Structure formats: structure tokens, C-alpha cells
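A.B. asks: My questions concern the predicted model and sequence given below.
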Amino acid sequence: MKKRILIVEDEDKLRRILELQLLDSGFDVVKAGSAEEALPLIDRADMILTDLKLPGMTGIEMLQLIRRQDTVVPVIVMTAFGTVENAVDAMKAGAADFLLKPFSLDHLTTVVNKALEIRSLRDENRRLKEELGRKYQWDNVVGRSPAMQQIFGTILRVAPTRATVLLAGESGVGKDLIARCIHFHSPRKDRPFVKINCTAIPENLMESELFGYEKGAFTGANFSKPGKFEQADTGTVMLDEIGDVPNNIQVKLLRILQEREFERLGSNKTQHIDVRVVAATNRDLRAALEDGTFREDLYYRLNVVPIEIPPLRERREDIPYLAGHFVERFAPEMGGRVTGITDAAIEKLLQYSWPGNVRELENVIERSMVMALREKLDASDIRLDMNLRTRPVVSNGGAEPALPEGMSLDQFEQELIKNALKKADGNKSQAARLLGLTRNALRYRLTQMGIES
């Protein structure tokens, strides 16, 4: 659709010239000879082009009235009295731009296009922020189980504060989603949210990535670069997989949490920042404390508000709601071909062990919807990855699970791991999937067994 420009100009001849130029440039035009005449037309305009000096209410007064009404339409002010004071007054009042008469018609078109482009970008940015905010409202973070309701209550209490939060739980339970919920329900919701995946950054680059560096700090540092914490200033940092951070970086993180200060790599200048830290881990940090791989003082600084997110197999009552939520979310992407899920399909989902947790359920629903031939997902449509079974247990007469005779729990676990590695031809990622573990959790157990290499 054509953009509509409202011209507010008391001089008939100039108003007509402006109209013809804008019509020729592809715009719709509405006109007014005074501010009073223009005010009822504002809601119909995508942009306003107004003279500064008008009979009755001036252009500045009209602009101030528009801004008090919270109208976001951009206003370009024209004047033959082109002093710096006039320009400053217009911009302070909220003008998008300022045109000094006489001006060329080509310049007018350029300024109008620029103002409309800026408005379009602002509208898009506002729309994306609204969508992002909706994504982390409670109706999109699904959980009807008592455990999840308790977590939601904790989020509501902790979000308005700047307290550090430690999220614990297996991979795929939704730690990232909960961290973003905390951010988007906090006073920092309009400030940056920076996620740092601690396992994705090589150890030799972690310091420069987190804290930045100065030009010449190392070979190839041809310019200064801010780190992740600087980028998140006044916002929130999510430290994902915090249990895998090396010891020398743990010391610097402790200083961030205690003193809110750091230095860039290659600099002696101390910088102060205001960040809220949400850490996440799928490791047992208490075990890491015992084996000396995680600092005790950092643990207690992170563990101000602990939130343990249970695995999906321990809150199966959430599965029907999660499945329905994912069907509803993916339906538009599938062209509305699949619009629901049957009770039989839900029952099949309830029987599965979900080693990959909510993330695996989401993938299963999406995969099943892609391949489904019906309007509703049925049990036969549910495509589970049967390589992702939970670890087997030895049955004792079909009753309670028991260990093989003469074998300790540690020995049984080691035997399971060895068998999984053999089945996966030594591929640790595949072996971890067979066992229902993360790769880091498997690596930790292999280290304990002395067979990491």
C-alpha cells in the first residue's frame, strides 16, 4: 500500500507543489492549511510534513501535542527561519527531521523516504520485541505439574531482583527458556540478554571472548574488541554449562560476581559493569566441588537462588500439554495440514522415557507432523528415535529392578558404559545418546573410570 503523507502548509502554491512532488514519488497525499485543520487527519497519515510557522497553532505546538498523545507518526518540520535554535526546538519536540526553505524537491523526497524507513525499522523492532515478550509469557512456557508450578512461582519472585540464579537439570529440560523468562520478567527486559555457551568456546579463547581484549594484546589482535560481559552491560548474562569453565576463568567470574569489575585482556584499566548473571549446568556441581574441578567460593556465589528443573520423565503430566503446545506452534509452518493430536498418540508419548527431555519431545512432534497423513497425529504417526532409550535395568522376577548377582552399582554402570561404547564403535556422542546421557556427563564418567583416552 502507498504511504500517506499529511502536508500542513498555509501557503496554497507551496502546498500544491509539495503535493505534486509527493504524488509523483508514489505517495498518497492529504492536505491541511493549519494545525487545527490537520489534527483530525493525523490518524490517517504515515508521516506529517508541516511548516513551522502556521496561523494559530504553530508547527512546534502541534508536534508537542502529537507526542503527548503517544502518536508514533514521524514529523518533518519545514521553515524559512532556519536558525539553530529552531532546529534544536523541533528535534527536542520529537521531529524526525528538519528542512530549511528553500529546498530542492529531490531533497524533500530523500528526507521523506528516510523518515519512513526509520519508522518502518522502529515498527519492526517493536513488533519483534512484542513477539519475543509473548514467547516467554506463561502460556508459552508450558508446565502444569506441581514441580513446574513451583518453578514458575520462584521465577516471579526472583525476576524483579538482581539475585544470581543457578539453573540445574539435564540437557533439554528448558534451562535456556527459564533463563530468558527470568530476564523478560525483570526490569532489564529491554536491555541485552547475552547467552554464553561455555562449552562452545575453546579454552584458549575464553578469556578474550568473555572479557574482551585490547589492540596488540596477542598476535592478530589488530583492533580492540569488547567481550560478552561488556555487550550485556545493564542486562543479563546467561552462563550455559558453567560446570565446564576452566579454573583460571572461574577466578575472573568470581570477581565479576563479587566486585562487578574486570579488565580486558592486554589492559590494566578496570571496567565496571552492571549485569545480572543466570548460570546453568547439567553437571552435579557438588561432585565437581569434591573432585576439585569447580571452585567452592564461585559455587556459593552462583547458588544464591537455585532452581532444579526436573527431567520430563519425572513430570509426565506435562507431556499432553507440551505435545498440544508444539502441535499448535508448528501447525502454521506446516500449512495447517495437521491441527491436533489424538489420545492414542498422547498415550504412546507417555510410555516413552524421554532421555532428551522437552527438546526431544519437540523434535518428535515436529518430525511426526512432517510425515503425518492425517489432520490429527495418531499413535502410528508418532516417530520416536528408538536409539534414545534409557539405560536398561536387570529385572528380578519381573518386580523391582535389581543388580546382577555379585556386581556392585559402580561395576554395573561401568559395564553399561563399556557396552555402549562398543556398540557405538568408540563414538562418545553416540554412546552418550544410547545411555541417555550428555556427552559431558559421559566424559566425566569415563574420566572417573580412567579410560577417557
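C.D. replies: That came through, no problem. Source: prediction; values computed, not measured.

A.B. asks: Every contact and neighbour count from this point should use C-alpha atoms.
C.D. replies: OK.

A.B. asks: starting at the chain centroid, how far to the longest helix seen in the chain?
C.D. replies: As assigned by DSSP state H, the longest helix anywhere in the chain is helix 105-135. In terms of C-alpha atoms, centre = their mean, to the nearest Å, the centre of helix 105-135 is found 22 Å from the chain centre.

A.B. asks: counting contacts, what elements does it pack onto?
C.D. replies: Secondary-structure packing of helix 105-135 (3 or more C-alpha pairs under 8 Å, 6 or more residues apart in numbering; DSSP states H and E): helix 12-24, strand 97-100.

A.B. asks: so how far is the helix or strand following that helix from its chain's centroid?
C.D. replies: Remark: after helix 105-135, the chain's next helix or strand is helix 146-158, criterion DSSP states H and E. Computed by C-alpha atoms, centre = their mean, the chain-centroid distance of helix 146-158 equals 20 Å.

A.B. asks: Show me what the helix or strand just after helix 146-158 is packed against.
C.D. replies: Going down the chain from helix 146-158, the next helix or strand is strand 165-168, by DSSP H and E. Judged by 3+ C-alpha pairs under 8 Å, 6+ apart, the packing partners of strand 165-168 are helix 175-184, strand 276-281, strand 305-308.

A.B. asks: Buried deepest among those, which one?
C.D. replies: Mean neighbour count (mean count of other C-alpha atoms under 10 Å) peaks for strand 276-281 among the helices and strands packed on strand 165-168, with a mean of 24.

A.B. asks: and the angle for it with helix 175-184?
C.D. replies: Strand 276-281 and helix 175-184 meet at an angle of 170 degrees, taking axes from the mean of the first three to the mean of the last three C-alpha atoms, to 10 degrees as the criterion.

A.B. asks: Please put the alpha-carbon coordinates of strand 276-281 into CSV.
C.D. replies: Backbone C-alpha positions of strand 276-281 (Å, rounded to 0.1, in the frame of the first residue of the first chain) are rendered in CSV as follows:
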residue,chain,number,x,y,z
ARG,A,276,22.6,-9.9,36.2
VAL,A,277,24.0,-13.5,36.0
VAL,A,278,21.9,-16.6,35.4
ALA,A,279,24.1,-19.7,35.3
ALA,A,280,23.0,-23.2,34.0
THR,A,281,24.5,-26.6,34.3
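
A.B. asks: Buried ones in the helix or strand immediately after that strand in the chain, by neighbour count?
C.D. replies: Next helix or strand after strand 276-281 toward the C-terminus (DSSP H and E): helix 285-290. Of all the residues in helix 285-290, those buried under the rule 16 or more other C-alpha atoms under 10 Å are 285, 288.

A.B. asks: For stretch 144-152, could you pull out the residues that count as buried?
C.D. replies: For stretch 144-152, by 16+ other C-alpha under 10 Å, it's 144, 148, 151-152.

A.B. asks: now those residues in TSV, with distance to residue 413 and pLDDT?
C.D. replies: Output for these, formatted as TSV (distance: C-alpha to C-alpha, whole Å; pLDDT from 0 to 100):
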residue	distance to residue 413	pLDDT
144	34	85
148	30	90
151	31	92
152	35	90
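
A.B. asks: what would those residues look like in JSON lines with distance to residue 56?
C.D. replies: Shown next, in JSON lines, are the buried residues of stretch 144-152 (distance: C-alpha to C-alpha, whole Å):
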{"residue": "144", "distance to residue 56": "61"}
{"residue": "148", "distance to residue 56": "62"}
{"residue": "151", "distance to residue 56": "60"}
{"residue": "152", "distance to residue 56": "56"}
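
A.B. asks: where in the chain is pLDDT low?
C.D. replies: Scanning the chain for pLDDT under 70 picks out the ranges 70, 81-84, 128-140, 386-408, 440, 452-453.

A.B. asks: Please, where are all the strands along it?
C.D. replies: 4-8, 28-32, 47-51, 75-79, 97-100, 165-168, 193-197, 236-240, 261-263, 270-272, 276-281, 305-308, 340-341, 376-377 (DSSP state E).

A.B. asks: Arrange the ones you listed in CSV, one row each, with distance to residue 16 as further columns.
C.D. replies: Converted to CSV, those look like this (distance: least, C-alpha to C-alpha, whole Å):
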stretch, distance to residue 16
strand 4-8, 10
strand 28-32, 9
strand 47-51, 13
strand 75-79, 15
strand 97-100, 17
strand 165-168, 63
strand 193-197, 50
strand 236-240, 53
strand 261-263, 61
strand 270-272, 57
strand 276-281, 56
strand 305-308, 66
strand 340-341, 58
strand 376-377, 61
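
A.B. asks: mind checking which of the ones you listed is nearest residue 325?
C.D. replies: strand 340-341 (9.7 Å; C-alpha to C-alpha).

A.B. asks: got a list of contacts for the closest one?
C.D. replies: With C-alpha atoms under 8 Å, 6 or more residues apart in numbering as the contact definition, strand 340-341 has outside contacts at 323-324, 327-328, 375-378.

A.B. asks: Partner strands of it and their direction?
C.D. replies: Here strand 340-341 has these sheet partners by DSSP bridges: strand 376-377 (parallel).

A.B. asks: Quick check: buried residues in stretch 268-277?
C.D. replies: 273-277.

A.B. asks: What's the end-to-end length of it?
C.D. replies: Taking C-alpha to C-alpha, to the nearest Å, stretch 268-277 runs 24 Å from one end to the other.

A.B. asks: now what about that stretch, what contacts it?
C.D. replies: 162-165, 229-230, 232-239, 257, 260-264.

A.B. asks: Centre of the chain to that stretch, how far?
C.D. replies: 22 Å.

A.B. asks: likewise stretch 316-327?
C.D. replies: On C-alpha atoms, centre = their mean, the centre of stretch 316-327 falls 22 Å from that of its chain.

A.B. asks: so residue 321 touches residue 315, yeah?
C.D. replies: No - using C-alpha atoms under 8 Å, residue 321 is not in contact with residue 315, being 11.4 Å away.

A.B. asks: Kindly write the ChimeraX command that selects the buried subset of the contacts of strand 340-341.
C.D. replies: With 16+ other C-alpha under 10 Å as the burial test, the buried ones among these are selected in ChimeraX as follows:
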select :323,324,327,328,376,377,378
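
A.B. asks: Cool, thanks, signing off.
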